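A.B. asks: missing the sequence, but the structure's below:
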Ligand SMILES: NC(=O)c1ccc[n+]([C@@H]2O[C@H](COP(=O)([O-])OP(=O)(O)OC[C@H]3O[C@@H](n4cnc5c(N)ncnc54)[C@H](O)[C@@H]3O)[C@@H](O)[C@H]2O)c1
């Protein structure tokens, strides 16, 4: 197969992470159709310099030109959530495969449009819930599927960061619910996706949330402020289809927690624990271990038998956060080459969005909300 021409919309944080992944992918993974980095799109004038530095052939300010570009087969969307819909729908209608950042959209209605558009066009749509692609998470999934934990009784998932603690930070798009969506969309969506992966569908949610800093100064004019309409902290509990319960926290205001995504999974035959800041490790406990040896064991997930590790380094040569993006892209390009379903798909993104929006409603109306 010839290379797949890629366009990336968004040239800041995710722009760098995606560019890095696309550049390194053919170095480590065998692909039927490797990516060709055609065009980087961003709003500000520095996109030309950034595109050259990140290794793109061309640059563009207008995303509509990018999605119509005949040399582009894949459109990657790395812009704020409320912008995803129009970009992804236009790309699908132009016959391009779409790799979209999380959360899939800012509302369920937008996510439905996106899911419908890729289905109608017969193109692949993937949402970048990249933490699924951490080898330790894939191992956790394998243990669940093998029945090593028995029936799952409980999921606990936290995403705790501290970048918005206090009032020093000016107002940015992440503090605007119109851009991000209602409910714990930004960080919460990653945890909800992992819960769906490991436990199954969520049927009901109850939630509470709080915004600690309600007004923030505008970056361009410190004398003026704008309201913060997103959560600083959301806690929610859920019921799963199989009968398990879930407890969740999503926050950007817990001092000392830089990028602390952590989860626990507890079943009738065992438990496991994962922490993103120690992402090469998985703690597992099996209730059928001999009683004199019972206890959590710490598995360093860097053996060649572990997911994706054969492509990387010898045992113990740990990998990092950015590698999850390579794994996500690898799965996406292989799904295109072999014409097989993508995962996580736009359907997964839509199901996640339903939980997030329901959590927002549950918090606002102080009640359980069915999904
Ligand atoms: N998977 C992850 O781990 C992860 C981490 C951070 C952010 N994200 C998600 O990635 C997305 C982008 O976040 P970010 O942190 O990169 O944001 P950012 O603010 O760093 O960058 C936003 C980019 O969007 C571009 N943009 C905005 N409006 C545009 C328009 N109309 N046309 C073209 N370009 C436009 C900007 O020029 C900029 O390059 C969000 O959906 C966010 O939730 C995912």
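C.D. replies: Perfect, thanks for sending it. This one's a predicted model, so the numbers in the text were calculated from it and none came from an experiment.
A.B. asks: could you use CA atoms for every contact and neighbour count after this?
C.D. replies: OK.
A.B. asks: interface residues of the stretch 101-250 of the chain facing the ligand?
C.D. replies: Counting by Cα under 6 Å from any ligand atom, the residues of the stretch 101-250 of the chain close to the ligand are 101-103, 128-130, 186.
A.B. asks: among these, which are in strands?
C.D. replies: Residues of these located in strands (DSSP state E): 101, 128.
A.B. asks: export the residues of the stretch 101-250 of the chain next to the ligand to JSON lines and tack on pLDDT and neighbour count?
C.D. replies: Output for those, formatted as JSON lines (pLDDT from 0 to 100; neighbours: other Cα atoms under 10 Å):
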{"residue": "101", "pLDDT": "98", "neighbour count": "22"}
{"residue": "102", "pLDDT": "97", "neighbour count": "27"}
{"residue": "103", "pLDDT": "97", "neighbour count": "29"}
{"residue": "128", "pLDDT": "98", "neighbour count": "28"}
{"residue": "129", "pLDDT": "98", "neighbour count": "26"}
{"residue": "130", "pLDDT": "98", "neighbour count": "22"}
{"residue": "186", "pLDDT": "81", "neighbour count": "24"}
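A.B. asks: how about the helix or strand containing residue 118: buried residues?
C.D. replies: In this assignment (DSSP states H and E), residue 118 forms part of helix 108-121. Residues 108, 110-118, 121 are the ones in helix 108-121 that count as buried (16 or more other Cα atoms under 10 Å).
A.B. asks: so what touches that helix?
C.D. replies: 85, 88-89, 92-93, 95, 97, 104-105, 124-125, 346-347, 349-350, 353-354, 357 (Cα atoms under 8 Å, 6 or more residues apart in numbering).
A.B. asks: contact partners for the closest residue to the ligand within the stretch 151-300 of the chain?
C.D. replies: In the stretch 151-300 of the chain, the residue that lies nearest the ligand is residue 186 (5.5 Å; Cα to the nearest ligand atom). When contacts are counted by Cα under 8 Å, 6+ apart, residue 186 touches 102-103, 174, 180.
A.B. asks: ok, residue 281 next?
C.D. replies: Contacts of residue 281 (Cα under 8 Å, 6+ apart): 136, 274-275, 298-301.
A.B. asks: quick one: which of those is most hemmed in?
C.D. replies: residue 136 (27 neighbours; other Cα atoms under 10 Å).
A.B. asks: ranges for the helices of the stretch 1-150 of the chain?
C.D. replies: Along the stretch 1-150 of the chain, the stretches classed as helices by DSSP state H, counting those that start in this stretch are 13-28, 47-54, 63-68, 84-93, 108-121, 135-145.
A.B. asks: out of those, nearest to residue 197?
C.D. replies: Between residue 197 and the helices of the stretch 1-150 of the chain, the tightest spacing by Cα to Cα is seen for helix 135-145, at 7.4 Å.
A.B. asks: go through the protein and flag its longest helix.
C.D. replies: helix 346-365 (DSSP state H).
A.B. asks: which single residue of the stretch 51-200 of the chain approaches the ligand most closely?
C.D. replies: Closest point on the stretch 51-200 of the chain to the ligand, by Cα to the nearest ligand atom, is residue 79, at 3.7 Å.
A.B. asks: okay, that residue: pLDDT?
C.D. replies: Each residue has a pLDDT score; the one for residue 79 is 98.
A.B. asks: wait, it touches residue 9, no?
C.D. replies: Yes. Residue 79 lies in contact with residue 9 (Cα atoms under 8 Å); the separation is 6.6 Å.
A.B. asks: okay, buried residues for the longest helix of the chain please.
C.D. replies: Those would be 346-363, for helix 346-365 by 16+ other Cα under 10 Å.
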